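A.B. asks: Can you look at this prediction? I've put the sequence above it.
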Amino acid sequence: MSIWTTAGRMRNVRFAGSPEQLKTLREYRKGESDLVHRDGMWLLIATCEVPEEPLFEPVDWLGVDRGIVNLATTSDADNVQGRGLGRYRRWHARVRAELQAKRTKSATRRLKKRARREQRHATHVNHRVAKQLVAVAERTGRGIALEDLSGIRDRVTVARHQRATHSSWPFHQLEAHVRYKARRAGVPVLVVDARYTSQMCPRCKYTSRSNRPDRDTFCCRRCGLAGPADVVAAVNVRNRARSAWVHVNAPEPTAAQSTG
C-alpha cells in the first residue's frame, strides 16, 4: 500500500493479515483505506464491497436461543457456552475496580486499554459463534430463526447481582454478526416473537412459568415433555419461524376468492 505523510507519499508499505482477509482485500477492495494507530499497533482499515448471494428457499429453520450461560443454543441441541466469556469479563471487572480505586492518570489509561481489549474479545467470540451458526444453516439448507430481543433490558427484571452482566451482554452484536454473515452466504434470517419461548411446551403448547422449575430444566406440567430449557426454547423459535414463513409465502387471494 501507499500512504501520505508529512514528508510525502510512502509507497510499497507492507502489511499483514489472515489469508481470508487478504483474499477479500484483493477481490473486493473499494475506495480508500485508513491507517489507524491503536494500543501500540498500526491497523489498516480497508473498505470492501462484497456482493451478496441470492437467498435460497429454506427447507426448514434452525432455531437459535440466545442467553448468558449458553451464548447460543440451537434446535439441534448444540450450544456454545458462555462460561469462559463470563469468567473473562468478571476477571476484567475485578481489575477495573482495583484500577479505579487508584485514581491516577496511569490507571485511567490502563482502564481505557482494558475496556477495548475486553470489547475485542467479546466481538471475537460473537464472530466465531455467528460463523458456526451460518455454516450449519448453509450446509443443511436451512434458514436461521432468532428471537426478537429488542428492548429486552427494559422488559426483563433480573437480580441485583446480575444487572451489570445482563446490561453489558452483547446480544445485539451477535444478531448483527449473524445477519451480515448470513447475507454473504445467501442464508435467510427470520426474527420471531420471543415471548414465552422458554415456558411453552413445543408438543402440547401448554404455557406456564412452572414448566421451567430452574434455569436449566424444562418439564411440561401437562404432557410431561422434559429436556434442557434452552433447547426447548430454540425448538419453539424454530416452530414459530415455520409458521411465520408459511404466512409470508402464502399466495395472495384472487379477486374471486376475496369476494366469495
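C.D. replies: That came through fine.
A.B. asks: Below-threshold pLDDT in the stretch 51-200 of the chain: ranges please.
C.D. replies: For the stretch 51-200 of the chain, the stretches with pLDDT under 70 are 81-83, 85-86, 151-170.
A.B. asks: now the helices: where do they sit in it?
C.D. replies: Taking DSSP state H, counting those that start in this stretch, the helices of the stretch 51-200 of the chain run over residues 83-102, 105-140, 152-155, 163-168, 171-185.
A.B. asks: Can you name the residues that contact the closest residue to residue 226 other than its chain neighbours?
C.D. replies: Distance criterion CB to CB, 6 or more residues apart in numbering; nearest residue to residue 226, sequence neighbours excluded, is residue 219 at 4.4 Å. Every C-beta, even on glycine, is put in place using the N, C-alpha and C of the backbone. By CB atoms under 8 Å, 6 or more residues apart in numbering, the contact list for residue 219 reads 211-213, 225-226.
A.B. asks: State the distance from residue 219 to residue 177.
C.D. replies: Residue 219 sits at a distance of 33 Å from residue 177 (criterion: CB to CB, to the nearest Å).
A.B. asks: Over to residue 57?
C.D. replies: Distance check for residue 57 against residue 177: by CB to CB, it reads 24 Å.
A.B. asks: ok, the two, which is more surrounded?
C.D. replies: Taking neighbours as other CB atoms under 10 Å, residue 57 and residue 177 compare with residue 177 leading, 20 against 9.
A.B. asks: From what I see, residue 177 and residue 128 are in contact.
C.D. replies: No - using CB atoms under 8 Å, residue 177 makes no contact with residue 128, being 9.3 Å away.
A.B. asks: any chance of the helices of the stretch 51-200 of the chain in a markdown table, with distance to residue 197 too?
C.D. replies: As requested, the helices of the stretch 51-200 of the chain are arranged in a markdown table below (distance: least, CB to CB, whole Å):
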| stretch | distance to residue 197 |
| --- | --- |
| helix 83-102 | 22 |
| helix 105-140 | 17 |
| helix 152-155 | 12 |
| helix 163-168 | 18 |
| helix 171-185 | 14 |
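A.B. asks: if you compare those helices, which one is most tucked away?
C.D. replies: Most buried of the helices of the stretch 51-200 of the chain by mean neighbour count (mean count of other CB atoms under 10 Å) is helix 171-185; its value is a mean of 18.
A.B. asks: Which neighbouring elements make contact with that one?
C.D. replies: In terms of contacts (3 or more CB pairs under 8 Å, 6 or more residues apart in numbering; DSSP states H and E), helix 171-185 is packed against strand 61-66, helix 105-140, strand 143-147, strand 189-192.
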